[in-house]
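A.B. asks: Mind folding the following:
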Amino acid sequence: MKEEIQEMEGSVETEKPRRKGGEERPLTTDERASFVILSLYMAIFCICTFVYWDSLVLKILGVTSGAGGIFLFVAAFFNTEAAKKSNSIHPLRSYLISLSITLLELFSIRFVAGIIDNMVWSLVVAGGGLLVALVVFRKALVQVATTLLAIVFLFVTISNRHDVLVGHMKFKDAVRQCGHVVFQIGPIKDVANLLLAGNYMGYLSRIDYRDVQINMLATRIVAQSHDDEVVKTREILDFVSNEIHYVSDPGDGVEYAKDPISTLIAGGGDCEDQTLLLCSMLETVGVKTYIAFTDDHVFALVRFSRRNPVPGVAPHLFVDGIPCYALDAADPGASIGRCASAPHAVKRVFDVRRKAPVEFEIAP
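C.D. replies: As a prediction, the model looks like this:
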């Protein structure tokens, strides 16, 4: 009997106390980060209810949300009741690493996709890289990305506060402006431009102004130009439009773009081939060019460093407010400023060197 009593007492002593539901403990790092991020979302929602929306119900929800956000923010930094910290699933370094990985991923995509001509493979590289980063860092990566978007939205709202307060900027306008700001960030803009370039990359990747033979030929043509941009442009345009004859692609509905050397050897090509050769030759002797695409035509644009370079010739388009003149190599006897396509027919304009789309205007 005594032995049974002793065994029962021993089992009671060894039984571990259960944790009470109301017992306080310190927040883990990922919980603190989640609280801060959530408080940011709630604060932005509160601001939106007062500056973008007129509904009384939404304003009440906004005040409630703002108060809850303040509570979460305070709790994230002043929750120190317990003496011992618990382990964090996502320590601070995970968030720092996630941000670094996000930027590194963008630069990697920019580099890899830049050397891939096929749009499908570019999308596979971009999507696959982001998916791997998302799988590895999961919650931390999503939190970093959404926090950046929230901060950008807040920045847009504050920087346009006058338009917001008088009602000129609505919520959807702010979201649209937020998208514009995000895609102006260097690496993000580069990746977006690569994806936007899409099928045009098949043409842009053919340009090779660093080719030694292209440089030698162009240099010999402009040897007597005294390095004048306009003179060099005229001489090279004369050569391409008169010596490289227009020859259509096979009529199977597929566009074929030849590299400049192949076009020179063939002595002919369609408007894409002639334009790629023209841009390569101009760029290799220091003349800035762009490629313009319409629904059924391709031609070059040239930008000169001095104002009014060709008297009596009007600019075709303006890139960054700077006049650009048309060069239509498919036109025998072409001249600066003359083009078969009207300015309003242009769909895309690409920077030859950066192989990226640029914004353009018909009038400054």
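
A.B. asks: from here on, contacts and neighbour counts on C-alpha atoms
C.D. replies: OK.

A.B. asks: Low-confidence ranges, the stretch 201-350 of the chain, go.
C.D. replies: 251-255 (pLDDT under 70).

A.B. asks: At which residues are the strands of it located?
C.D. replies: 245-246, 268-269, 288-293, 298-303, 317-319, 322-327, 348-351 (DSSP state E, counting those that start in this stretch).

A.B. asks: With distance to His168 added, can I get the ones you listed in a markdown table?
C.D. replies: A markdown table is the format used below for these (distance: least, C-alpha to C-alpha, whole Å):
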| stretch | distance to His168 |
| --- | --- |
| strand 245-246 | 52 |
| strand 268-269 | 52 |
| strand 288-293 | 35 |
| strand 298-303 | 37 |
| strand 317-319 | 28 |
| strand 322-327 | 30 |
| strand 348-351 | 30 |
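
A.B. asks: Nearest to Ser55, out of the ones you listed?
C.D. replies: Ser55 lies closest, by C-alpha to C-alpha, to one member of the strands of the stretch 201-350 of the chain: strand 348-351, at 42.2 Å.

A.B. asks: Please enumerate residues in contact with that closest one?
C.D. replies: Here strand 348-351 makes contact (C-alpha atoms under 8 Å, 6 or more residues apart in numbering) with Thr289, Tyr290, Ile291, Ala292, Phe293, Thr294, Ala356, Pro357, Val358, Glu359, Phe360.

A.B. asks: For stretch 337-354, buried residues please.
C.D. replies: Within stretch 337-354, the residues that qualify as buried are Gly337, Arg338, Cys339, Ser341, Pro343, Val346, Arg348, Val349, Phe350, Asp351, Val352, Arg353, counting by 16 or more other C-alpha atoms under 10 Å.

A.B. asks: quick check, nearest of these to Pro309?
C.D. replies: Among the buried residues of stretch 337-354, and counting by C-alpha to C-alpha, the member closest to Pro309 is Gly337, at 11.2 Å.

A.B. asks: could you list every residue that touches that closest one?
C.D. replies: Val313, Ala314, Pro315, His316, Tyr325, Ala326, Leu327.

A.B. asks: Then Leu72?
C.D. replies: Phe35, Val36, Leu38, Ser39.

A.B. asks: List the ones among these that fall in helices.
C.D. replies: Phe35, Val36, Leu38, Ser39 (DSSP state H).

A.B. asks: What's the separation between the third one and Ala345?
C.D. replies: Distance, Leu38 to Ala345, using C-alpha to C-alpha, to the nearest Å: 47 Å.

A.B. asks: One more: the second one?
C.D. replies: Computed as C-alpha to C-alpha, the Val36 to Ala345 distance reads 50 Å.

A.B. asks: With the first one instead?
C.D. replies: Phe35 sits 52 Å away from Ala345, taking C-alpha to C-alpha as the criterion.

A.B. asks: swap in Asp270?
C.D. replies: 19 Å.

A.B. asks: for Thr64, same thing?
C.D. replies: Counting by C-alpha to C-alpha, the gap from Thr64 to Ala345 is 52 Å.

A.B. asks: got it, and Ile291?
C.D. replies: In this view, Ile291 and Ala345 are 14 Å apart by C-alpha to C-alpha.

A.B. asks: just the helices in the stretch 151-300 of the chain please.
C.D. replies: Remark: helices assigned in the stretch 151-300 of the chain by DSSP state H, counting those that start in this stretch are 161-165, 171-182, 186-197, 201-204, 212-221, 229-243, 260-266, 271-284.

A.B. asks: from the ones you listed, which stretch is densest packed?
C.D. replies: Highest mean neighbour count among those (mean count of other C-alpha atoms under 10 Å): helix 271-284, with a mean of 27.

A.B. asks: That one packs against which elements?
C.D. replies: The contact analysis (3 or more C-alpha pairs under 8 Å, 6 or more residues apart in numbering; DSSP states H and E) places helix 271-284 against helix 201-204, helix 212-221, helix 229-243, helix 260-266, strand 288-293, strand 298-303.

A.B. asks: Output the ones you listed in CSV; the columns should cover distance to Val156.
C.D. replies: Converted to CSV, these look like this (distance: least, C-alpha to C-alpha, whole Å):
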stretch, distance to Val156
helix 201-204, 33
helix 212-221, 47
helix 229-243, 42
helix 260-266, 45
strand 288-293, 32
strand 298-303, 33
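
A.B. asks: looking at those, which is closest to Val164?
C.D. replies: Of the helices and strands packed on helix 271-284, nearest to Val164 by C-alpha to C-alpha is strand 288-293, at 37.2 Å.

A.B. asks: on contacts alone, who are the packing partners of that closest one?
C.D. replies: Under the contact rule (3+ C-alpha pairs under 8 Å, 6+ apart), strand 288-293 is packed against helix 271-284, strand 298-303, strand 348-351.

A.B. asks: switch to 10 Å and redo it
C.D. replies: Contacts defined by 3 or more C-alpha pairs under 10 Å, 6 or more residues apart in numbering; DSSP states H and E place strand 288-293 against helix 271-284, strand 298-303, strand 322-327, strand 348-351, strand 356-357.
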